[in-house]
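**Q** Make a model of this:
(one chain, ligands or ions: 3)
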Amino acid sequence: MKIVVLKFGGTSVGTIEKIKKVAQIIGSYRKKKYKIIVVSSAMSGVTNELIRKSYAISKNFSDSEYDTLLSTGEQVACSLIAGRLIHNGFKSRSWLAWQLPILTSGNYKNSRIYHVNKNKILNYIHKGGIPIITGFQGINQNQRITTIGRGGSDASAIMIAKFFKAHRCIIYTDVEGVYTTDPNKLNKAKKIKIISYEEMLEMASLGAKVMQPVSIQDARLNRINVEVKSSFKKSSGTLITKRTNIISNKIITGISSTQNDSKVSLIGVRDKPGVAASIFKPLSKNSINVDMVVQNISANGKETDLTFTIKTEDLKKTKKIIENNKNIKFRKLFLKKDVAKISIIGVGMVTTPGVTFRMFQTLANKKINIQVISTSEIKISVLIDKKDTKKP
Ligand code: ADP
Ligand code: ASP
Ligand code: MG
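**A** Numbering: from 1, shown residues only. Ligands and ions are numbered 1, 2, ... in the order given. Below is the predicted model of the structure:
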């Protein structure tokens with residue numbers, strides 16, 4: 001039996017008309033003699049609206065209630081899809097994650113799926129049904145509803161594909177596939193036909209929100225080929241797969257940029273062993289993700305400067321934590337909002353010298369100042385002023 005997992009993002013189910021279109025796409029797979037499992041996100045904008053409501057109720061809204069609240073968006077979308085399929089003459093029903101169940105571990109707001117119970121769904125499929133499963137949610141050991149991080153229904157689809165050993169996993173979205181950069185920002189962006197997990201993971205982590213980073217990690221660990229295509233336009237999409245499946249001579253696969261980064265600089269930090277650990281330990285304890293880090297060599301052997309980036313929403317918390325940290329001494333603390341990380345990504349960089357130089361030279365020609373640099377085997381990232389990201 002060939003199972004296909006079809007995932008629809010919020011943009012694909014954003015209106016009643018779009019949901020009707022989605023139901024048609026789902027029906028077309030029945031004609032192809034596939035057993036179908038559908039995973040859906042909430043209608044676009046709904047999750048953000050629910051977050052606003054939680055904030056209006058309390059600035060310290062409980063994490064477990066936050067997950068219960070946010071999970072409702074997916075329930076609405078799934079029952080509307082199922083309702084339309086029934087209207088079209090199919091046997092279909094919605095399945096909330098707890099009804100399978102989909103089991104998660106970890107903290108509320110950011111849990112990870114570790115098991116998907118197959119029995120009820122297999123039974124339902126064998127009886128000719130098309131199950132519409134809520135993405136983005138699961139339940140934990142305490143039988144409470146959890147969510148798995150923003151954009152998480154991508155990961156739900158991939159984990160469902162894994163547990164059901166699906167033949168195909170297709171992510172339907174509002175663009176025709178993965179592009180060299182965000183096609184909604186730059187119309188010169190080109191569609192990528194095939195991309196490795198490693199490159200897609202870097203692109204997703206560095207701002208290409210078309211796929212959620214965790215979902216790519218899950219796909220890579222489980223060797224699941226993922227297709228990304230459009231819900232609105234009939235065209236070939238992008239295949240995300242393992243490196244050895246790709247014959248390509250491109251050096252750079254994609255470019256991405258982040259929007260909400262901030263830079264933190266500690267000037268004149270007393271330089272002694274363990275100082276970086278003393279700075280970062282309380283940040284990590286408070287779930288603050290530190291990204292690019294640079295430490296200058298201290299000129300006099302006593303003091304050093306340390307710069308790192310965080311998400312802007314963590315800026316206030318970070319300032320407080322650093323100012324209250326009794327284990328470190330420094331002269332000044334500088335905080336800067338409105339910085340952006342620009343990255344170029346490509347496995348071809350490993351074997352091609354001079355890419356770094358060319359990137360830096362291009363930025364210099366445009367008089368764009370580089371504030372921080374970080375590199376890995378397959379990417380180079382630089383931190384620049386946000387206003388410079390739009391320079392042609
Ligand atoms: P969905 O609702 O289907 O989950 P998302 O809004 O999460 O869709 O992701 C799709 C969006 O990702 C696109 O509309 C596009 O603006 C954005 N995007 C950012 N970078 C890229 C990229 N490199 N390729 C394609 N889309 C991208
Ligand atoms: N509805 C959730 C969100 O907005 C999950 C998703 O879109 O994948 O983050
Ligand atoms: Mg998404």
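**Q** The one residue in the chain that gets nearest to ligand 1 and ligand 3, how far apart?
**A** Nearest residue of the chain to ligand 1: G9, at 1.9 Å (C-beta to the nearest ligand atom). For glycine as for every other residue, the C-beta is placed from the backbone atoms N, C-alpha and C. To ligand 3, G9 is 5 Å away according to C-beta to the ion, to the nearest Å.
**Q** Low-confidence ranges, the stretch 151-300 of the chain, go.
**A** Within the stretch 151-300 of the chain, the segments meeting pLDDT under 70 span 249.
**Q** Show me which residues of it are close to ligand 3?
**A** For the stretch 151-300 of the chain, the contact set with ligand 3 under C-beta under 5 Å from the ion comprises G151.
**Q** before we move on, back to that, can you tell me which residues contact the residue of the chain closest to ligand 1?
**A** When the contact criterion is C-beta atoms under 8 Å, 6 or more residues apart in numbering, the partners of G9 are 41, 44, 153-154, 171-174.
**Q** Among the residues you listed, name the ones in helices.
**A** Within those, residues falling in helices by DSSP state H are 153-154.
**Q** So which of the contacts of G9 belong to strands?
**A** Using DSSP state E, the members of these that fall within strands are 171-173.
**Q** confidence score at K391?
**A** As predicted, K391 sits at a pLDDT of 64.
**Q** same check, this time on I378
**A** At I378, the pLDDT recorded in the model is 85.
**Q** what about it, how many residues close to it?
**A** By the other C-beta atoms under 10 Å criterion, the neighbourhood of I378 contains 20 residues.
**Q** and what of M359?
**A** 20.
**Q** buried residues in the host helix or strand of it?
**A** Taking DSSP states H and E as the definition, M359 sits inside helix 355-365. Residues of helix 355-365 classed as buried: 355, 359, 363 (neighbour count, 16 or more other C-beta atoms under 10 Å).
**Q** Same list (these) but as TSV, adding pLDDT and distance to ligand 3.
**A** What follows is the buried residues of helix 355-365, written out as TSV (pLDDT from 0 to 100; distance: C-beta to the ion, whole Å):
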residue	pLDDT	distance to ligand 3
V355	84	30
M359	89	28
L363	92	30
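**Q** Also near ligand 2: which of the residues you listed, exactly?
**A** When the buried residues of helix 355-365 are checked against ligand 2 using C-beta under 6 Å from any ligand atom, none falls in range.
**Q** ok, the residues you listed vs P183, which is closest?
**A** M359 (21.6 Å; C-beta to C-beta).
**Q** Identify the residues contacting that closest one.
**A** Going by C-beta under 8 Å, 6+ apart, M359 touches 344, 380, 382.
**Q** For T11, grab the count of nearby residues.
**A** For T11, the count of nearby residues is 17 (other C-beta under 10 Å).
**Q** Tell me the backbone dihedrals of it, please.
**A** Dihedral angles of T11 (phi, psi; degrees, to the nearest 10) stand at phi -70, psi -30.
**Q** you'd agree it is up against Y172?
**A** No. When contacts are counted by C-beta atoms under 8 Å, T11 is not listed as touching Y172 (9.3 Å).
**Q** what residues are shared contacts of those two?
**A** Going by C-beta under 8 Å, 6+ apart, residues that sit against T11 and also against Y172 are S231.
**Q** ranges for the strands of the stretch 251-392 of the chain?
**A** In chain order, the stretch 251-392 of the chain shows strands spanning 254-257, 261-270, 293-295, 303-311, 332-345, 372-376, 379-385, with DSSP state E, counting those that start in this stretch as the criterion.
**Q** for the residue lying closest to Q259 once chain neighbours are set aside, what are its contacts?
**A** The shortest distance from Q259 to any residue that is not its chain neighbour, by C-beta to C-beta, 6 or more residues apart in numbering, is 6.4 Å, and that residue is A340. Listed by C-beta under 8 Å, 6+ apart, the contact set of A340 reads 257-259, 261, 383-386, 388-389.
**Q** how close does A340 sit to G254?
**A** 16 Å (C-beta to C-beta, to the nearest Å).
**Q** What lies in contact with stretch 160-171?
**A** Outside stretch 160-171, the residues that reach it (C-beta under 8 Å, 6+ apart) are 2-7, 9, 34, 37, 39, 102, 115-116, 118, 121-122, 133, 154, 157-158, 211, 218-219, 222, 224-229, 237.
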